[in-house]
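[1] structure for this input, please:
(chains A and B)
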Amino acid sequence: MLDFKYELDQEKCIGCEKCAEVCPTLAIDFDGEKKKAFILDIDQCLVCHQCLEVCPVAAIHIQGGLWQEDIRITKN
Amino acid sequence: MKINDAKKPIETDVLVIGSGMAGLRAAIEARRSGLKVLLVDKSLLGRASSSIYAGGLGLEILPKHLPYHGAGKKKFASYFNGAIEEVFKKMLEEGVSIGWGYPYIDNQRILMTVACDYKIRQEELRDFGVEDPYSQHFIGRPVSMGVPIILPMIDYFKKIGGKTMEKTLITDLIRQGDRIIGAIGFEMDRKRFVVILAKATVMASGGCAQVYKRTYSPSRITGDGYAMAFRAGAEMWEMELVAFCNWTIAEPKCPQWWIPFSYGRVSGKLINVLGEPFFEKYAKENGWLGPKATLNENDVMDKRYGKALTELDHYFWRACSQEIREGRGDQEAVLLDLREVPEDRWYYENDGIAALNEMRNFDWQKKPLHIAPAAEKMAGGIYTDEYFKTSLEGLYAAGEAGPGVSLPFCIVSGACSGRYASWYAREAGPAELKDEDMKWIDKKQQETRKFLKREPNDRGNPRDIKKDIKETMWTYVGTLRTEEELQKGLQNLEHIEKERLSKLYARDLRDLREVYEVLNMVIVSKMIAESARFRTESRGLHQRLDYPKEDNINWLKNVILQASEGEMRLFTRPVNLIWDKPEGVS
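    Reported below is the predicted structural model:
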């Protein structure tokens, strides 16, 4: 059912916790020991783009999902 | 993990707890009157609030939005159009502005304030750098619709000299006599306790829909404000009124999100697992149909059933819950059939049901969607008068934490509470800690330290306990309620309280926030269950199977709940029917 690709680059992650803070559905969580954010349950992702907006080092990439132009089902 | 002592208390004139729409608006208002204002949030500013996901602020059609609003759409969006008297009357009967469907038990003065003030407050958002105050209308697309409204407001508040603290959880309010003189909590990043002294405090911490298993509120909406105000001795009201939304996706491996409020959705058909339409049956049995109901499947639902959609909304979740309860649901859900919705209705209202495909490939053109009710928001909250002052001196409440809900209510109550709180702060003397307050703070901080010292164990994981609370609340205190089930729910909650809370542990400060959320969720859950037991009638959002009728003779009252000597005390207060009454009531 997932219609988009979600990537969280653990190497780029600086452990600021911001993405885990804003995630409304707990799709992302924060590992307090490793000091890294991680994907807990991507099925819960709303594609709300909040994590992407707050990440200071662009460690998150979402492909597809929201705001793509071809999202409208073309008539006929 | 250790937590450091607080430095000396932070002093401010007005403290605002919560940075959603209401909290920000209150903070801006207080700051604009020239006082020192501190805005505190337990997560990132504005980002963890419901306001950033909610719709319903731009309830007015402007020509530039017309491409989104095709024919037939205007009736959804023109709620606040017309004379103030008309708006007031609509709000009164449907309860939309500060709830959704609980007729005649609001404070009519608050309703009138919202009806009069709303348009000014919305236009005023432009002063705070918001480009288009009308952009956040009924959406339900999985976009963070509040971003263009909330973020400029945060910047504006900082620009005019407001102070902010992020990731700072307030655990309790400091009460001195009958007055609230500030709050205590801890800063997660600096790993230390904080003590804040404030002449006036505005509680704008949002609601508690996260106490339910099925909900689409953001994960941090756990009722902290309700619980701490209650512990401080403030009166709570109407906690039984939980608004559910029927149109929430219940597909496996999918987030619980609502289907856009749109021309397409209201053209759909509700069917059960046998493929039978069922809403009509319940509507006829219970007299929900309006006099002009066409019952034609090709009409949109308000025409089909002859009533405004706002009024129909709670009938829908009632019918669906009943159907699921009687075993005709599929995996605890009913089906919404959009297969026969004409194509020209797909895109209305910001792409309407077509927007669903932005999130997942639902294939609604080929098969019906699973949907089921989910908790959306709390219509009740901390009791306030029409000046948004609570029953305690120096404590004000706004937004969902206060006596209503919805974005229009947030901007109006935010502005009003901010203003009245700053008036109070000017008049009131300084807040000073006495010896006994210091002792109380010390005791509270010892309690907090206990959670950090306790060894991890399998019964005290706060995340697991949260799941148990959610399950209990959904099973026993959900959409349709009976005395028996409510009692069972309360027993379960008491069991959790006795057996599990003493085992709670936290490995770090993120955990510690979870621990406090659990403690707050248990209190709030008990408040909902107790108030629901107390109101022995059905009215709008509160549906009892053992008392199915609305009872205007005995129940034109508000259920008030207050902590008294460690117990919950419940009593009623008659509604002040100043301007309007239901038919047949003298």
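[2] when you work out contacts or count neighbours from here on, use the C-alpha atoms and nothing else.
    Fine.
[3] so residue B:533 sits against residue B:485, correct?
    No. When contacts are counted by CA atoms under 8 Å, residue B:533 is not listed as touching residue B:485 (9.6 Å).
[4] looking at the two, which is more packed in?
    When neighbours are counted by other CA atoms under 10 Å in any protein chain shown, residue B:533 comes out ahead of the other of residue B:533 and residue B:485, with 21 against 17.
[5] quick one, phi psi at that one?
    phi -70, psi -30 (degrees, to the nearest 10).
[6] okay, buried residues for stretch B:29-43 please.
    B:29-32, B:35-43 (16 or more other CA atoms under 10 Å in any protein chain shown).
[7] ok, stretch B:247-266 next?
    Applying 16+ other CA under 10 Å to stretch B:247-266 flags B:247-251, B:254-266 as buried.
[8] residue B:429: how many residues sit nearby?
    Neighbours of residue B:429 using other CA under 10 Å come to 9.
[9] test my guess that it contacts residue B:199.
    Yes. With contacts defined as CA under 8 Å, residue B:429 counts as touching residue B:199 at a distance of 7.3 Å.
[10] tell me how far residue A:63 lies from chain B.
    Counting by CA to the nearest CA, to the nearest Å, the gap from residue A:63 to chain B is 12 Å.
[11] got the phi/psi numbers for the nearest residue to that residue once chain neighbours are set aside?
    Take residue A:63 and drop its neighbours on the chain: the residue closest to it by CA to CA, 6 or more residues apart in numbering or on different chains is residue A:5, 4.9 Å away. The phi and psi values for residue A:5, taken as degrees, to the nearest 10, are phi -110, psi 130.
[12] ditto for residue B:336
    phi -110, psi 120.
[13] and for it, the neighbour number?
    22.
[14] repeat for residue B:553
    If we define neighbours as other CA under 10 Å, then residue B:553 has 10 of them.
[15] for residue B:540, see how far away it is.
    16 Å (CA to CA, to the nearest Å).
[16] cool, and residue B:295?
    23 Å.
[17] ok so, going back, closest to residue B:526 among the buried residues of stretch B:29-43?
    residue B:42 (23.1 Å; CA to CA).
[18] got a list of what the closest one touches?
    Listed by CA atoms under 8 Å, 6 or more residues apart in numbering or on different chains, the contact set of residue B:42 reads B:18, B:166-170.
[19] residues in chain B within reach of chain A, list them.
    Proximity of chain B to chain A (CA under 8 Å from any CA of the partner chain) is limited to residues B:43-44, B:47-48, B:142-144, B:217-220, B:253-257, B:354-355, B:357-362, B:508.
[20] just for chain A, where's the confidence low?
    A:1-3, A:64-76 (pLDDT under 70).
[21] 80 instead?
    A:1-4, A:63-76 (pLDDT under 80).
[22] what about the strands in it?
    All strands of chain A, identified by DSSP state E, fall at A:4-8, A:28-31, A:36-39, A:60-64.
[23] which residues does the first one contact?
    Looking back up the chat, that one is strand A:4-8. Taking CA under 8 Å, 6+ apart as the rule, strand A:4-8 contacts A:38-39, A:42, A:59-65, B:360.
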